[in-house]
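Student: Structure for the following, please:
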Amino acid sequence: MAFKKRVRIIKKIREAASLWRFVSMPRVRGRYVWEKRPGYFFVEWWEGQKRRRQMAGQTPSDALEAQRRKANELVGELVAGGQKISQTSVEESATLISDARVMFLEHIRVHSPDKPRTLGRYQIVLDHLERISGKKKFVEAVTRADIDDYKTSRSKEQSEQHKGRPITPRTINFEVSVLRTFFYFLINERGLKMENPCARFKPLRDQKAKAHRKPPTYKQAEVDQLFAKGDNIEKAKFATLLLTGLREEELYFLCWPDIDLKEGAVRVTPKPEEGFSPKDYEERIIPIPPDLVQVLNALPQTSRWVFPNKKGNRMNHLLRDLKGIAEAAKVPNATLHKFRHTYATRLLESGADIVTVQKLMGHSDIETTRQYLDPDESLKRKAVNRLSLSPKLKN
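Tutor: Below you'll find the predicted structure:
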């Protein structure tokens, strides 16, 4: 049997000393005409053949809030029970997850048109939410327990990009942070009356990441092996990554006007016409050493792009080239981002202060830079060897 779940507001008024009765609240153009006589508001709904009522306060605002809460509660019960909900059976306060998803992604698209990869990542997370939510179709019906179930479900799944590799706690924490942003958007920008089910969520611990806190870097021997197998153009690309710390996408969008070979500097600037902006929208100037000036000076300037593809357009598949070269050079676990890790680590190990490295790397949070501070074993050994049982006193 289908259950009618429409929640309406009624009022209990006093007509005589000991006589009370319920009166309905008429609506005009979707708005209630409030009963002026003193009394108490109730919300009323039906469960099968039984009529249910619940106290809703003494003011219209109390009554509307109670109606909204009860409607959302009943929506959650219906969805959890697998009942079909007709368009007219629930008050308009319930919002489909699919509709909320469209609103959120359109908001991101409009406000961050130069962040297509961010939009794509957010879209994937919302795909997971709809899939894992199952029968729950309304945003207001999502609870903290559902978010906890989301984390549990994702932890049992495997990466689509890396077959056989489980989803890491770091990825799950990122996805929950996206969902938190999603719900805050609905609450703050769309006026949904609900609590954020992701607020104050407890991040999952990543024991593997904790055990290997310092990002992986290339040893000098590995750099030499990679450079020995690549041609001059490939070596120039890898040298630029190694000696500037540029992100992969920043290298792809590097133009000749961004480079000042006389001053020895590279600029990371937005390219609005190409749909590119630096991460966190932060432009920066990176001084470059004489070695890189010499390498870049030897490149042919046949395109606007510093490293164009064979047709003169912007390149976008450097990782594939690196993997082939690394395989020939017998360098395991080669990635483009590893050059960036190596750049930051070498700067810190050479004595650069952490704030300077933060600015060169374009990190908005210094904690991100701090992960590179753990020295390698040779530096630890060098520091310890300075100690002795009888340290010499200096005047």
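Student: Going by neighbour count, list what's buried in stretch 59-77.
Tutor: For stretch 59-77, the neighbour count (16 or more other CB atoms under 10 Å) marks 60, 63-64, 66-72, 74-76 as buried. Every C-beta, even on glycine, is put in place using the N, C-alpha and C of the backbone.
Student: where does the stretch 201-350 of the chain dip in pLDDT?
Tutor: The stretch 201-350 of the chain contains residues with pLDDT under 70 at 206-213, 280-281.
Student: residue ranges for the strands of it, please.
Tutor: Here the stretch 201-350 of the chain has its strands, by DSSP state E, counting those that start in this stretch, at 259-260, 265-268, 284-287.
Student: Dump those into TSV; add distance to residue 103 and mean neighbour count as well.
Tutor: Shown next, in TSV, are those (distance: least, CB to CB, whole Å; neighbours: other CB atoms under 10 Å):
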stretch	distance to residue 103	mean neighbour count
strand 259-260	42	18
strand 265-268	32	18
strand 284-287	34	16
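Student: Tell me which of the ones you listed lies nearest to residue 55.
Tutor: Closest of the strands of the stretch 201-350 of the chain to residue 55 is strand 284-287, at 59.9 Å (criterion: CB to CB).
Student: Please name every helix or strand in contact with the closest one.
Tutor: With contacts taken as 3 or more CB pairs under 8 Å, 6 or more residues apart in numbering; DSSP states H and E, strand 284-287 sits against strand 265-268, helix 354-361.
Student: right, and the strands of the stretch 201-350 of the chain - which one's nearest residue 130?
Tutor: strand 265-268 (36.4 Å).
Student: Within the sheet, what are the partner strands of the closest one, with directions?
Tutor: If you go by DSSP bridges, strand 265-268 pairs up with strand 259-260 (antiparallel), strand 284-287 (antiparallel).
Student: will you turn these into a markdown table that also has distance to residue 308?
Tutor: Compiled in a markdown table, the strands paired with strand 265-268 are given as follows (distance: least, CB to CB, whole Å):
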| stretch | distance to residue 308 |
| --- | --- |
| strand 259-260 | 14 |
| strand 284-287 | 21 |
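Student: Quickly name whichever of the buried residues of stretch 59-77 is closest to residue 37.
Tutor: Distance to residue 37 across those (CB to CB) is lowest for residue 60, with 13.3 Å.
Student: okay but the closest one is in contact with residue 33, surely?
Tutor: No - between residue 60 and residue 33 there is no contact under CB atoms under 8 Å: 10.4 Å.
Student: could you dump the buried residues of stretch 59-77 to JSON lines with secondary structure?
Tutor: Converted to JSON lines, the buried residues of stretch 59-77 look like this (DSSP: H, G, I helix; E, B strand; the rest coil):
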{"residue": "60", "secondary structure": "helix"}
{"residue": "63", "secondary structure": "helix"}
{"residue": "64", "secondary structure": "helix"}
{"residue": "66", "secondary structure": "helix"}
{"residue": "67", "secondary structure": "helix"}
{"residue": "68", "secondary structure": "helix"}
{"residue": "69", "secondary structure": "helix"}
{"residue": "70", "secondary structure": "helix"}
{"residue": "71", "secondary structure": "helix"}
{"residue": "72", "secondary structure": "helix"}
{"residue": "74", "secondary structure": "helix"}
{"residue": "75", "secondary structure": "helix"}
{"residue": "76", "secondary structure": "helix"}
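Student: Closest one to residue 191 out of the residues you listed, please.
Tutor: Distance to residue 191 across the buried residues of stretch 59-77 (CB to CB) is lowest for residue 68, with 11.3 Å.
Student: so how far is residue 288 from the closest one?
Tutor: Computed as CB to CB, to the nearest Å, the residue 68 to residue 288 distance reads 59 Å.
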